[in-house]
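A.B. asks: Fold the following.
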Amino acid sequence: MSEPMSEPHAVEPGSMTSPGRLVATLGGLGAFAGLLIVLAFGATQPAIRAHRAAVLAEAITEVLGEPERYDTLYVVGGSLVTTPPQGVPLEDAETVFLGYRDGAPVGFAIRAAKAGFQDTISLLFGYDPATSRLLGMKVLESKETPGLGDKIYKDMRFVGAFRDVEVPLLGVKAGGEKGLPGEIVMITGATISSRTIIKAINTELERLRPVLSTYKQESKP
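C.D. replies: Numbering: from 1, shown residues only. This is a model prediction of the structure:
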């Protein structure tokens, strides 16, 4: 003989959470989580900026061949000045860096960036206006394919090719060298990433060379 079915219990009206209270609770938790993210972001920014500044300083020293010191110059209105532009946040101001050795300028360190195979490639290169030659190149940031595209900063033969080379640069495939000025042999299997480096440098120099040359002339005694 089957047992009688139990009658359903009625839910007390006061025992249910109202939709308004639920929304308020979730909203409060979301706001608290957002506050924690903002606080964490603000707390880590000084350390992040300090790290980036240290990386940049090391790169400037490297691409300029270990200068004794360097000055930060700002690109303003088609010329170089020693003071930041007014009304522009310091981190947004366009800068170049002029290195010195034995009191004489050795060249400029210039930042460049261009879209590569995976993402934007950021780099720094040294340039001597007196000889129209590069002094060196260093990749600052890259997300190119490991084992292929990342050779743009791991292959020291490729990196070294940007030292003491005439500009503008000309990318050539391995075996296709003709002995022309500015030739850079691109990395087999990473031609897009290699070409991106070359184009980024050529583009920045085409834009900035008149500015750099003008500053050089103004700096003469």
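A.B. asks: Pull up the distance across stretch 129-136, start to finish.
C.D. replies: Length of stretch 129-136, first residue to last, CA to CA, to the nearest Å: 14 Å.
A.B. asks: buried residues in that stretch?
C.D. replies: Judged by neighbour count (16 or more other CB atoms under 10 Å), stretch 129-136 contains these buried residues: 129, 133-136. Using the backbone N, CA and C atoms, a C-beta is placed for each residue, glycine as well.
A.B. asks: Distance from the chain centre to the helix or strand in which Ala24 is found, please.
C.D. replies: Assigned by DSSP states H and E, Ala24 belongs to helix 19-63. Centroid separation between helix 19-63 and its chain, computed with CA atoms, centre = their mean, to the nearest Å, is 19 Å.
A.B. asks: Three-state assignment for Tyr70, please.
C.D. replies: strand (DSSP: H, G, I helix; E, B strand; the rest coil).
A.B. asks: Would you mind measuring from it to Glu206?
C.D. replies: Counting by CB to CB, to the nearest Å, the gap from Tyr70 to Glu206 is 23 Å.
A.B. asks: quick one, which of the two is more surrounded?
C.D. replies: Tyr70 (21 against 11; other CB atoms under 10 Å).
A.B. asks: which residues touch that one?
C.D. replies: 60-61, 64, 97-100, 109 (CB atoms under 8 Å, 6 or more residues apart in numbering).
A.B. asks: Could you export these as CSV, including pLDDT?
C.D. replies: Listed next are these as CSV, based on pLDDT from 0 to 100:
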residue, pLDDT
Ile60, 97
Thr61, 97
Leu64, 98
Phe97, 97
Leu98, 97
Gly99, 97
Tyr100, 96
Ala109, 98
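A.B. asks: Thanks a lot, catch you later.
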